[in-house]
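Novice: Coordinates for the following, if possible.
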Amino acid sequence: MNTKNNSSEAKIAKRNLWCFPFGTIGRDMVYALVANFLLTYIMFTRELNNAQLAAITAIMVAARIFDALNDPLMGNIIERTRTKWGKFKPWLIVGVLSTTAVIVFLFNTRLQGWSFIVAFGISYFMFSITYTMNDISYWGMIPALSRDGDTRNAITSRATLFAGIGNGLASIAIPLFTTGTLAFGGNAQSGYGFCSILIGILAPVFLLITILGVKENRADMATKPEPVSFKKIITTITKNDQLLWISLCFLIQQIGNNVIIGGIGSTYIYFTFGYNGGLYSTFTMVGMSATALLMIFYPIISKKTGRQKLMTILAILSLAGYAAMLVSALLGSSTIGFWILTIGYMCASFGQYGYYLIMMISILNTVEYNEYKNGHRDEAIIASLRPFITKISSALMVLITTLTYMAFGVTKYTNQISKLETQAASGNITDIEKTEAIKAMLSQIDKSQTLGLLFVMVLISAVFMIISYIIYRRKYKLDEAEYNRICSELEKRNG
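Specialist: Now for the predicted structure:
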């Protein structure tokens, strides 16, 4: 009988290991489109005065803070959902379909000026709500798929790998089809509209594999759910000291990690090396390619190398990469300078993505710690802390990016590009005329302005990573040995 049960569990674990990760490919394409390119889309398709740029920044910051505060509430609602399809899958479906509708509208509207600001504000807040439904239910499902540490590591690392694939594909394709000679429709507005529709179709298609394929443990659904309670959310978080420390580490690391890809990186490349989406696609493709190896081999590495030792290795590699990015400035806009910048980013990104994976697992491991210490698992609430932190860090990243743009006079040039893109979209000028005009305009940018962009994105990324590393080493205690001890104790306690 035990052999039969073990065989059945092994089949379910194998199916979960493959079906669960596929669901996040399209989801992370959506996230990359909004988190990494929305501000760039606005900057290069709308002419903005300082008041309008400030309004957009205020909307993005306010919406992401609202979104972050909404995450634990959504986690609490999911935790108390009881349906014949489980507590996660209904929210996955509703979330992905409503998110698709929002992004297709947001990236296809032709409104300008304050009319666009109003439409943007409504759409962005709607996105905050709809994507949260999907995101919390997706990542919150992992602890319900397996309690085995190695299996959970494998599921998490593979899901993170597939998330990286989705993010990477979007990061490569979006600049390619929105900027420069390969822009779909010959201009940025049409290009972003096309990308949003394509991604909006792919997201639910990929997620269907997860919905139909995975089988989660629903034993906790036999208990009567408690009412949705802010007190429950707050006590779950505040009574888990390890969750609090890893959340702080993750927040600091994510702010630094996202500064480059949040808009400053693409603007720096366009201003320094030319307004060509292929350049930024190459930068992100090479920069993110090495991370795939870590995602694939992390389960093997984690069995031989402890997380703390691995973090030290990753930190050294990242700092070497950031140093190379600064050195690239000495070579100006040359091809060699571009490749040193790109290879430096590849090393830095490898380390940062490794940190992301380690912290993802570290947050999820506090579920068992919470059960051990407080008697409750509260999977969805704890899992909601990851997107909560991601969105808070994203809000702060938007603020840093906007202040950087204002400090170095970026809008003076992006407004001119937006005007030319609008004229091309209206058919008033040809694509060739647009390209030549942008090239002539970019040659007027002062070198101090581009250097300012480079120094901000590199130094913030490096310094914040070091701070995160120090806190993790000193305060987070759930290493592999302690986690296994807690799991063994829980098995004895639960019979």
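Novice: For residue 372, give me its contacts.
Specialist: By CB atoms under 8 Å, 6 or more residues apart in numbering, the residues touching residue 372 are 486, 489-490. All C-beta atoms are positioned from the backbone trio N, CA, C, and that covers glycine.
Novice: same question but for residue 365, I mixed them up
Specialist: 478, 483.
Novice: The one 5 residues further on now?
Specialist: With contacts defined as CB under 8 Å, 6+ apart, the neighbours of residue 370 are 236, 239-240, 243, 376-378, 382.
Novice: Top of those by number of neighbours, please.
Specialist: residue 382 (28 neighbours; other CB atoms under 10 Å).
Novice: How is that residue assigned, secondary-structure-wise?
Specialist: Assigned by DSSP: H, G, I helix; E, B strand; the rest coil, the conformation of residue 382 is helix.
Novice: is it true that it touches residue 368?
Specialist: No: using CB atoms under 8 Å, residue 382 is not in contact with residue 368; the gap is 10.1 Å.
Novice: Helix or strand: which one has residue 21?
Specialist: Taking DSSP states H and E as the criterion, residue 21 maps to helix 2-45.
Novice: Repeat that for residue 182.
Specialist: Here residue 182 is assigned to no helix or strand, by DSSP H and E.
Novice: what about it, distance to residue 246?
Specialist: Distance of residue 182 to residue 246, given as CB to CB, to the nearest Å: 42 Å.
Novice: Compare those two and say which is more crowded by neighbours.
Specialist: Neighbour count, other CB under 10 Å: between residue 182 and residue 246, residue 246 has more, with 28 against 15.
Novice: Sort out for me which of the contacts of residue 370 are in strands.
Specialist: In strands, judged by DSSP state E, none of the contacts of residue 370 are found.
Novice: Restricted to helices, list the residues you listed.
Specialist: If you go by DSSP state H, the contacts of residue 370 have 236, 243, 382 in helices.
Novice: want to throw the residues you listed into a markdown table with distance to residue 67 and pLDDT?
Specialist: As requested, the ones in helices among the contacts of residue 370 are exported to a markdown table (distance: CB to CB, whole Å; pLDDT from 0 to 100):
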| residue | distance to residue 67 | pLDDT |
| --- | --- | --- |
| 236 | 19 | 80 |
| 243 | 20 | 90 |
| 382 | 18 | 79 |
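Novice: mind checking pLDDT for the residue nearest to residue 48 when sequence neighbours are not counted?
Specialist: Spatial nearest neighbour of residue 48, chain neighbours left out: residue 411 (6.1 Å); criterion: CB to CB, 6 or more residues apart in numbering. Note on residue 411: pLDDT of 87.
Novice: which residues does residue 411 contact?
Specialist: Counting by CB under 8 Å, 6+ apart, residue 411 has contacts 43, 48, 50, 53, 405.
Novice: For the helix-or-strand element of the chain with minimal mean pLDDT, what is the distance to the chain centroid?
Specialist: When each helix and strand of the chain is scored by mean pLDDT, DSSP states H and E, helix 379-383 comes last, with a mean of 73. Here helix 379-383 shows a centroid-to-chain-centroid distance of 18 Å under the convention CA atoms, centre = their mean, to the nearest Å.
Novice: so the helix or strand just after it versus helix 2-45, what angle?
Specialist: Helices and strands here follow DSSP H and E; after helix 379-383, the next one along the chain is helix 385-407. Computed by axes from the mean of the first three to the mean of the last three CA atoms, to 10 degrees, the angle separating helix 385-407 from helix 2-45 equals 20 degrees.
Novice: what about the chain, any weak spots by pLDDT?
Specialist: 1-9, 147-150, 217-230, 295, 380, 495 (pLDDT under 70).
Novice: circling back: what is the nearest of the contacts of residue 370 to residue 29?
Specialist: Top of the list for closeness to residue 29, among the contacts of residue 370 and by CB to CB, is residue 382 at 26.0 Å.
Novice: Give me the distance between the helix holding residue 21 and the centre of its chain.
Specialist: Offset of helix 2-45 from its chain centre (CA atoms, centre = their mean): 12 Å.
Novice: go on, stretch 155-169?
Specialist: How far stretch 155-169 lies from its chain's middle: 11 Å, per CA atoms, centre = their mean.
Novice: Same check on stretch 408-425?
Specialist: The answer for stretch 408-425 is 27 Å, by CA atoms, centre = their mean.
Novice: Please apply the same query to stretch 46-65.
Specialist: Here stretch 46-65 is found 20 Å from its chain centre; the criterion is CA atoms, centre = their mean.
Novice: could the contacts of residue 372 be laid out in a markdown table, adding distance to residue 289 and neighbour count?
Specialist: Shown next, in a markdown table, are those (distance: CB to CB, whole Å; neighbours: other CB atoms under 10 Å):
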| residue | distance to residue 289 | neighbour count |
| --- | --- | --- |
| 486 | 37 | 17 |
| 489 | 42 | 13 |
| 490 | 39 | 15 |
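Novice: list the contacts for residue 486?
Specialist: 368-369, 372, 478.
Novice: Next: residue 206.
Specialist: For residue 206, the contact set (CB under 8 Å, 6+ apart) comprises 22-27, 166.
Novice: quick check, nearest of those to residue 449?
Specialist: Relative to residue 449, the closest of the contacts of residue 206 is residue 166; by CB to CB it sits at 33.3 Å.
Novice: element containing the closest one?
Specialist: Here residue 166 is assigned to helix 149-178, by DSSP H and E.
Novice: how about the following helix or strand past that helix: buried residues?
Specialist: Remark: after helix 149-178, the chain's next helix or strand is helix 188-213, criterion DSSP H and E. By neighbour count on 16 or more other CB atoms under 10 Å, the buried set for helix 188-213 is 188-196, 198-200, 202-204, 206-211.
Novice: And stretch 444-458, what's buried?
Specialist: Across stretch 444-458, burial judged by 16+ other CB under 10 Å covers 445, 449-450, 452-454, 456-458.
Novice: contacting residues around that stretch?
Specialist: In contact with stretch 444-458 (CB under 8 Å, 6+ apart) are residues 259-260, 264-265, 267-268, 271-272, 322, 325-326, 329, 332, 400, 404, 407-410, 413.
Novice: mind exporting that stretch as PDB, just the C-alpha atoms?
Specialist: The C-alpha trace of stretch 444-458 is given here as PDB (Å, rounded to 0.1, in the frame of the first residue of the first chain):
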ATOM      1  CA  GLN A 444      23.400  67.200 -29.200                       C
ATOM      2  CA  ILE A 445      23.200  65.400 -25.800                       C
ATOM      3  CA  ASP A 446      25.900  66.500 -23.400                       C
ATOM      4  CA  LYS A 447      28.200  63.600 -22.200                       C
ATOM      5  CA  SER A 448      27.700  64.600 -18.500                       C
ATOM      6  CA  GLN A 449      24.000  63.800 -18.900                       C
ATOM      7  CA  THR A 450      24.500  60.200 -20.100                       C
ATOM      8  CA  LEU A 451      27.300  59.600 -17.500                       C
ATOM      9  CA  GLY A 452      24.900  60.700 -14.800                       C
ATOM     10  CA  LEU A 453      22.400  58.000 -16.000                       C
ATOM     11  CA  LEU A 454      25.100  55.400 -15.900                       C
ATOM     12  CA  PHE A 455      26.500  56.300 -12.500                       C
ATOM     13  CA  VAL A 456      23.000  56.400 -10.900                       C
ATOM     14  CA  MET A 457      21.900  53.000 -12.200                       C
ATOM     15  CA  VAL A 458      25.200  51.200 -11.400                       C
END
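Novice: helices and strands around the helix or strand containing residue 67, which ones?
Specialist: Taking DSSP H and E as the definition, one finds residue 67 inside helix 50-79. If contacts are counted by 3 or more CB pairs under 8 Å, 6 or more residues apart in numbering; DSSP states H and E, helix 50-79 sits against helix 2-45, helix 113-140, helix 230-238, helix 379-383, helix 385-407.
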